[in-house]
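Undergrad: What follows is a protein structure lacking sequence information:
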């Protein structure tokens, strides 16, 4: 039961991480397209003043999510794989593929 909860948390944390990365990339692409069509140079300024300062895209926030992912990997290593870190990461990543 505990290992299923760890897996679920790990998957959710990885989904959050991917969602943030996808959205930041999306903002950049939309702004690039806008700049091209409107013959402007808004992308760099807008990204640095609005997007990079937004809570989900801050470096501190990304570090917290990454730390929580590492904590789930460590918990899974201790509980399920008896200390085998590589096997734990491999097992957890296999669950990511199931949720894609």
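TA: Looks like it came in fine. In this text, all values refer to a predicted model and were calculated from it rather than measured experimentally. Numbering: from 1, shown residues only.
Undergrad: And the contacts of stretch 25-39?
TA: With contacts defined as CB atoms under 8 Å, 6 or more residues apart in numbering, stretch 25-39 is touched by 40-43, 46-47, 51. The way it works is simple: take the backbone N, C-alpha and C, and place the C-beta from them, glycine included.
Undergrad: Hmm, I typed the wrong one, I wanted stretch 74-89.
TA: Residues from elsewhere that reach stretch 74-89 (CB under 8 Å, 6+ apart): 2-3, 6-7, 10, 73, 91-92.
Undergrad: and those residues, which of them are in helices?
TA: In helices, judged by DSSP state H, the following of the contacts of stretch 74-89 are found: 2-3, 6-7, 10, 73, 91-92.
Undergrad: Least confident secondary structure element in the protein?
TA: When the helices and strands of the chain are scored by mean pLDDT, DSSP states H and E, helix 85-98 comes last with a mean of 90.
Undergrad: Buried among the ones in helices among the contacts of stretch 74-89? Make that a ChimeraX selection.
TA: This is the ChimeraX syntax for the buried subset of these, where burial follows 16 or more other CB atoms under 10 Å:
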select :6,7,10,73,91,92
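Undergrad: ok, residue 50 to residue 31 distance?
TA: Distance, residue 50 to residue 31, using CB to CB, to the nearest Å: 10 Å.
Undergrad: got it, and residue 91?
TA: Look at residue 91 and residue 31: by CB to CB, they are 39 Å apart.
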